[in-house]
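J.: here's my sequence, what's the structure:
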Amino acid sequence: MGISINLVQKDNWDLVEYVGPIDAEAEVHLEQLLSKLGSQIKFNFKQVESVNSCGVRSWINFMRELEKGDRKIVFEECTSEIVMQINMIPSFKGKAEVKSVYGCYICDECGNEESVLFEAGKNLPSGPITELPGKACSQCGSEMELEEMEEEYFAFLAA
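T.: Numbering: from 1, shown residues only. I've put the predicted structure just below:
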């Protein structure tokens, strides 16, 4: 599947929906997008399938260009692929504010996996992680756990 970047303006915000992988092909799409963006941008990553090293380089270069202007940048619905990049490479996020991320919960009893959206001001931790609230499995009712270690997964919040 290729890359699709959808741009919509709403309430003085440029809403950018990124669909597909962030890979070598992303560079061309991001260069074309750059001139269309205003001072307030929200990136939605819900449909990002994967991120590879060429894509990371392209994204970081794109963010550096975006940050040359006085822009407010927000990341929403970050998949675990995006969260991993933010945690490993701080310049991937740049000065953007992360408003929401998906976390994958797994049930040890039945193997069920469920995705949970953590949102700022609701259930996204705002400080050091001690322990996340439990989640009951929709299949068997057992207690589920976050697939990743909480402290590691949400490390970007402390940065």
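J.: tell me the residue furthest from the middle of this protein?
T.: C140 (29.2 Å; CA atoms, centre = their mean).
J.: list the contacts for that residue?
T.: Going by CB atoms under 8 Å, 6 or more residues apart in numbering, C140 touches 107, 109-110, 112. (Each C-beta comes from the backbone N, C-alpha and C, glycine too.)
J.: what's the helix or strand bottoming out on mean pLDDT in the chain packed up against?
T.: Ranked by mean pLDDT, DSSP states H and E, the helix or strand of the chain with the weakest confidence is helix 150-153, at a mean of 92. Under the contact criterion of 3 or more CB pairs under 8 Å, 6 or more residues apart in numbering; DSSP states H and E, helix 150-153 touches helix 80-88.
J.: buried set for the helix it packs on?
T.: 80-87 (16 or more other CB atoms under 10 Å).
J.: just checking, what packs against the longest helix anywhere in the chain?
T.: Counting residues, the longest helix found in the chain (DSSP state H) is helix 53-66. The helices and strands touching helix 53-66, judged by 3+ CB pairs under 8 Å, 6+ apart, are strand 13-22, helix 26-34, helix 90-93.
J.: pick the most deeply packed of the ones you listed.
T.: strand 13-22 (a mean of 19; mean count of other CB atoms under 10 Å).
J.: just the closest of the buried residues of helix 80-88 to G20, please.
T.: E81 (11.6 Å; CB to CB).
J.: and the residue lying closest to the closest one once chain neighbours are set aside, how many neighbours does it have?
T.: Take E81 and drop its neighbours on the chain: the residue closest to it by CB to CB, 6 or more residues apart in numbering is V51, 4.9 Å away. Using other CB atoms under 10 Å, V51 has 21 neighbouring residues.
J.: relative to V28, how far out is V51?
T.: According to CB to CB, to the nearest Å, V51 and V28 sit 16 Å apart.
J.: so what pLDDT did L37 get?
T.: Listed pLDDT for L37 reads 97.
J.: now the residue nearest the centre of the chain. Nearest residue, chain neighbours left out?
T.: A centroid search over the chain (CA atoms, centre = their mean) returns C78, at 2.0 Å, as the residue closest to the centre. Among residues not flanking C78 along the chain, V101 sits closest, at 4.2 Å (CB to CB, 6+ apart).
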